[in-house]
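Student: Show me how the following folds:
(4 chains)
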Protein chains: 4
Amino acid sequence: MNKIKVGIIGATGYAGAELVRLLVNHPAAEIAAVSSVSYEGQQLADIYPNFKKILGDTLISADELISRCDVVFASVPHGVSEELAVKCADAGCVLIDLGADFRLTDEADYQKWYGKEYKHPELHGGAVYCIPELHREKLHDCPIIANPGCYPTSIALGLMPAIKAGIIDTDHVIIDSKSGVTGAGRGLTQGTHYPDTNEAFAAYKAGCHRHTPEIAQTLSELAGNKVKVTFVPHLLPVNRGIESSIYVTLNEKGKGYDADALHNLYEDAYKNEYFVRVEKLGNYANIKNVRMSNFCDISLHLDTQSDTLIISSVIDNMVKGAAGQAIQNMNIRFGIDEKAGLLTLPAAF
Amino acid sequence: MNKIKVGIIGATGYAGAELVRLLVNHPAAEIAAVSSVSYEGQQLADIYPNFKKILGDTLISADELISRCDVVFASVPHGVSEELAVKCADAGCVLIDLGADFRLTDEADYQKWYGKEYKHPELHGGAVYCIPELHREKLHDCPIIANPGCYPTSIALGLMPAIKAGIIDTDHVIIDSKSGVTGAGRGLTQGTHYPDTNEAFAAYKAGCHRHTPEIAQTLSELAGNKVKVTFVPHLLPVNRGIESSIYVTLNEKGKGYDADALHNLYEDAYKNEYFVRVEKLGNYANIKNVRMSNFCDISLHLDTQSDTLIISSVIDNMVKGAAGQAIQNMNIRFGIDEKAGLLTLPAAF
Amino acid sequence: MNKIKVGIIGATGYAGAELVRLLVNHPAAEIAAVSSVSYEGQQLADIYPNFKKILGDTLISADELISRCDVVFASVPHGVSEELAVKCADAGCVLIDLGADFRLTDEADYQKWYGKEYKHPELHGGAVYCIPELHREKLHDCPIIANPGCYPTSIALGLMPAIKAGIIDTDHVIIDSKSGVTGAGRGLTQGTHYPDTNEAFAAYKAGCHRHTPEIAQTLSELAGNKVKVTFVPHLLPVNRGIESSIYVTLNEKGKGYDADALHNLYEDAYKNEYFVRVEKLGNYANIKNVRMSNFCDISLHLDTQSDTLIISSVIDNMVKGAAGQAIQNMNIRFGIDEKAGLLTLPAAF
Amino acid sequence: MNKIKVGIIGATGYAGAELVRLLVNHPAAEIAAVSSVSYEGQQLADIYPNFKKILGDTLISADELISRCDVVFASVPHGVSEELAVKCADAGCVLIDLGADFRLTDEADYQKWYGKEYKHPELHGGAVYCIPELHREKLHDCPIIANPGCYPTSIALGLMPAIKAGIIDTDHVIIDSKSGVTGAGRGLTQGTHYPDTNEAFAAYKAGCHRHTPEIAQTLSELAGNKVKVTFVPHLLPVNRGIESSIYVTLNEKGKGYDADALHNLYEDAYKNEYFVRVEKLGNYANIKNVRMSNFCDISLHLDTQSDTLIISSVIDNMVKGAAGQAIQNMNIRFGIDEKAGLLTLPAAF
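Tutor: Numbering: from 1, shown residues only, chains lettered A, B, ... in the order given. Down below sits the predicted model:
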């Protein structure tokens, strides 16, 4: 069988480099080209010396890349992907967009949170937002896959069984998330300068992070009604990993569930999902147990005094939160085993 | 003026060593003795080489220490302090207990959470639980000061103005705290072994941490009614610092407050408190800005969509959360300037 | 083709767990059994939750394990492997020993540095010490492979081309190594307790580390004369990685080499070695570029003022320094592609 | 007594901010002004929120600052200090320069390593380079103090007793240093971006770091002959601290010294120096034991096999390596107790 020819636009960003790292060994895909605006003409291994002797590719333009590929992964600043989508459509290749441009179903949300209008509204109907465990059946033959954000992935997987079972109050969901610093990207900022980040910890963008509408959209769709979310991200002094602690109140139906019943509900919801692991009662999801892998680990605790279900959901923000999930989506879209290229085990240390 | 003679029992634990670090330069106190069960007869500087050439003291027994001191700081496992209190009473010296034995006003709480009964119930009436900013007027001539826990300190200071103003729903307070690893003590555990802790992050004791009744007690006292708390601590891969993200819903009265009004309320509540700093609106409290200091920094954000007030409160768990606050309490108890010995500036890097 | 049946004794130590992590996806081997003295009867995934849903194996006894395997990896305290070797010999399976018991060719060295005598001296003749890039042709049909130590691997690979070319003074080689904390193992010690290790840095066992005779033995064998080594390891506050900075003086022959010539010498020496990468002149080997991989990166700098060649050699201590190299040795021993199971790319972040 | 009026130029850099942190509590000095080119007109506490409520100063111009002060600390890029020195001379205030412009006695060295010529050669005669433990008697009434570099301080203190005793071969000194990331300054670079620095380790500027001529100059002066140095710095993933491992060969005289004699030599050389602590034989200097303090800890190990003396010297690069030593120099210059303002104890965790 011919391997799928993949291209990576924005290959020098962290998500792009992670795609490269994972795709080099993909059994059914091969990297046909890598692209970068900032480093065009240089070798990727000059920017990422970990790739030396493994990948000799020179960074080319996006246009040239598109002409060589069956599928294009784009990890670019918001506002750029629509143009890429037009070109991919012309070239007949699938676009998997790791940015936000195709995630929101309501253009008004996009305008409000990103301050831009769609230039090609007609494209958005062909885009499918896909967390595989929730939406894989929608993927079929779509030309554009909107790869979900890192925080939204950890949160939607953490809440899906409870929301679908209709056991929680969706009027108010409180989410306290913590993300490793790769989530902030490779670009230099004072807030990610080592001595300013190391041994530090703080919230940021409380209630105003751009992932908020995406979270609300996904949860509302699951619930069948508008879900209100308070989302507060924090910067965690580690390289990789997101932990989302989610606090929801059990509704009348939910009060009929004790900890065991809640656990069974989650086990059952994910019993056919390889990449989601529900912790035994009493255990805690820890980012170290999913590091370098595509797993999402979820633990559950019940505060019976206040009927609060406490869900802790962890992922590697670079894998299940970005590059890994994008590959999982590619696999589904191209009819390959969903786990292909994603079997590296988590490294606990 | 004669300096206050202080003794530190449990000087080889982290809180004990931090007391030594701060007290060596206290202008009105001098370390008369240090004690340790495990290392009796050795020099403290052999266990903590950072003290070499500064403190030549040999670790002695608690009994001998008590006989030499005006005030005794005890940082010992729970269940041990009552006996020390008896001895301090006999010797006529003040006990400042950094443990939990004298914190809870209701013995039933102590029994439930610590699994022990009081052996000397008569002593507990003489103990004053004191976060100085909330309770300093109670301190007077008490023989025992119950020094507050680290998490409860960050949380009570973060919530006091809102609770006292009666603007939040006290039926349900959600607290997501993160603590540096010194909070787990100097004792060895797999969970604090470097490779298991570094680049890791997880919740622990969700809804069942022993600081929960202390938090509820302090908040309820402030509110004048029972406050229900969901408290979830997390282990943060840094040495020092606690950040508590607190989520409360504004009640009818509270809905009349916008972000500015909330900020003014807090500024006003703490305008005479040197050690509490309220961040400008838009800024975030960060553990690095209080490191090595006795400050508590608080930032406020309002999620207007859900009328949720998001409070972030940070302290250095070893200083304001333990040794520093204990010294602050000593200063008040002995009529000294509250800030004495606590003026070292935070080190942001 | 039938897969090689492998067993891992000491599977709950870091090296053992790393073997599991890498072997689960090995194309030509399968984990037949895992063993642990401390945790016998438990599931490995209970001790390492990162393995949950991936490996359901229960930890069994070493004896039972040996009976099921073609090859046994042992990662056990020194002094234990000889008995295992006897049992493996009886069972007709190959032993790959990650400990020190079979590394030293001179029993006197073993007695001096490990304080024990050989109980089965007859076994040692059948053991082959193998850094594949230096000794793979010796491996043939040996019943025992002595897998090299982490420090010695980084050092021998860093020095081999210079020593073989006869261009350095072997009277005195100075080696300043730094190792991540996994190198100290999973056992709890004060020196690896997170708050004692984080933000700390110091040398340890200067001139008296047990890897010293192994280093001297390997270098002397390469040189054809006794090489004198001053070896000083340091504990580096990261999870993984060893960097060895090696200082050698160019001899008369060596003074004929400029930086380019030295670089060519190294490039040439390793031109057929996939797992050794020589940095371009001007670049520096960095542990992050080999993390999670079996690569050894080497950079060269020449201090012309003192004719000192400065070699920096980096490996992942858990992979090329332990589990990865052991698998590489297994592959060679069983006639498989040396890279099998070792193709995961380094993760630079 | 009137307090000394001090000004800090470059107050928003790390060394500048550290000067502020230490000087706020100096018993005999007061901060009269702080200056910054980049942030003029803003409050220092806006850039460093750790200073909020402690220091309300607005950042002013260097010229205005000089007019208000008795002593000016300058922490500015090289090439800028000469102009400041002219202005300080005009204003009659002492300049303590934390940069390199006045450190090298031979202008040729400056030209070679910094690529610039002196614009005011006449000023350099009035500048005194001062590591207090080595040069304090030279300080007298000088108008300019050249504050030493961080690496050179750790190295010169580590070598002084051995060089002065004439027991080592000064033909070749090998120095392997490791510095925390604050040493690279507050400016943003890819190499100090958190995910690129955390869990990473590498050498940099091997044999070509600009501190090399300063190190050689100081050691040569101590030796009375030219000392040849191979100096290789490494970037250490911690905020603060320098560890220098120094390898020297004992000469004929030195071979008469065993470990105890070497230890006695060092103890004796530093017996009157508060800020230098010689470790007991067998112990290792650790950066954590000097953190946040002005101490230099030194440990000694002897490799008898090769007559190599291994010296490990540690300092906090921000304190003894920069701001603290500058204050120590100010104290000496103004006839104050050398330890004034520098008594904060090291924080081991």
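Student: what does the stretch 201-349 of chain A have sitting close to chain D?
Tutor: A:Pro237, A:Val238, A:Asn239 (Cβ under 8 Å from any Cβ of the partner chain). All C-beta atoms are positioned from the backbone trio N, CA, C, and that covers glycine.
Student: Go through the residues you listed and name the one nearest A:Phe73.
Tutor: Distance to A:Phe73, by Cβ to Cβ, is smallest for A:Asn239 among these, at 21.2 Å.
Student: from what I can see that closest one touches A:Ala184, true?
Tutor: No. A:Asn239 is not in contact with A:Ala184 according to Cβ atoms under 8 Å; the separation is 11.0 Å.
Student: of those two, who's got more company?
Tutor: It is A:Asn239, of A:Asn239 and A:Ala184, that has more neighbours when counted by other Cβ atoms under 10 Å in any protein chain shown, with 26 against 18.
Student: And the helices in chain A, which stretches?
Tutor: Counting by DSSP state H, one finds helices in chain A at the ranges A:14-23, A:44-47, A:62-68, A:81-91, A:107-114, A:121-124, A:132-135, A:150-164, A:194-197, A:212-223, A:259-269, A:324-333.
Student: out of those helices, which comes closest to chain C?
Tutor: Chain C lies closest to helix A:14-23 among these, at 4.6 Å (Cβ to the nearest Cβ).
Student: hmm, the closest one touching chain B?
Tutor: No. Contact check for helix A:14-23 against chain B, using Cβ under 8 Å from any Cβ: none in range, with a minimum separation of 15.9 Å.
Student: circling back to that earlier point, Serialize the helices of chain A to TSV and add fields for mean pLDDT.
Tutor: Compiled in TSV, the helices of chain A are given as follows (pLDDT from 0 to 100):
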stretch	mean pLDDT
helix A:14-23	98
helix A:44-47	96
helix A:62-68	97
helix A:81-91	97
helix A:107-114	95
helix A:121-124	94
helix A:132-135	98
helix A:150-164	98
helix A:194-197	98
helix A:212-223	98
helix A:259-269	98
helix A:324-333	98
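Student: Out of these, the one nearest D:Met160 is which?
Tutor: Checking the helices of chain A against D:Met160 by Cβ to Cβ gives helix A:194-197 as the closest, at 29.8 Å.
Student: Next up, the contacts around the residue lying closest to A:Ala74 once chain neighbours are set aside.
Tutor: In space, A:Ala74 comes closest to A:Ile9 once its chain neighbours are excluded; the distance is 4.5 Å by Cβ to Cβ, 6 or more residues apart in numbering or on different chains. By Cβ atoms under 8 Å, 6 or more residues apart in numbering or on different chains, the contact list for A:Ile9 reads A:Gly16, A:Ser35, A:Ser36, A:Ala62, A:Leu65, A:Val72, A:Phe73, A:Ala74, A:Ser75, A:Val76, A:Leu84.
Student: The second one pairs with what?
Tutor: Per DSSP bridges, the residues bridged to A:Ser35 are A:Ile9, A:Ile60.
Student: Chain C contacts on chain A?
Tutor: That would be A:14, A:17, A:20-21, A:24-25, A:48-54, A:182, A:199, A:239-240, A:274, A:277, A:279, A:283, A:286, A:288-293, A:297, A:318, A:343-349, which are the residues of chain A within reach of chain C (Cβ under 8 Å from any Cβ).
Student: Among the residues you listed, which lie within strands?
Tutor: A:Arg277, A:Asp297 (DSSP state E).
Student: picking that back up, now the helices of chain A in a markdown table, with mean neighbour count?
Tutor: Rendered in a markdown table, the data for these read as follows (neighbours: other Cβ atoms under 10 Å in any protein chain shown):
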| stretch | mean neighbour count |
| --- | --- |
| helix A:14-23 | 27 |
| helix A:44-47 | 19 |
| helix A:62-68 | 18 |
| helix A:81-91 | 19 |
| helix A:107-114 | 15 |
| helix A:121-124 | 14 |
| helix A:132-135 | 20 |
| helix A:150-164 | 26 |
| helix A:194-197 | 26 |
| helix A:212-223 | 21 |
| helix A:259-269 | 16 |
| helix A:324-333 | 26 |
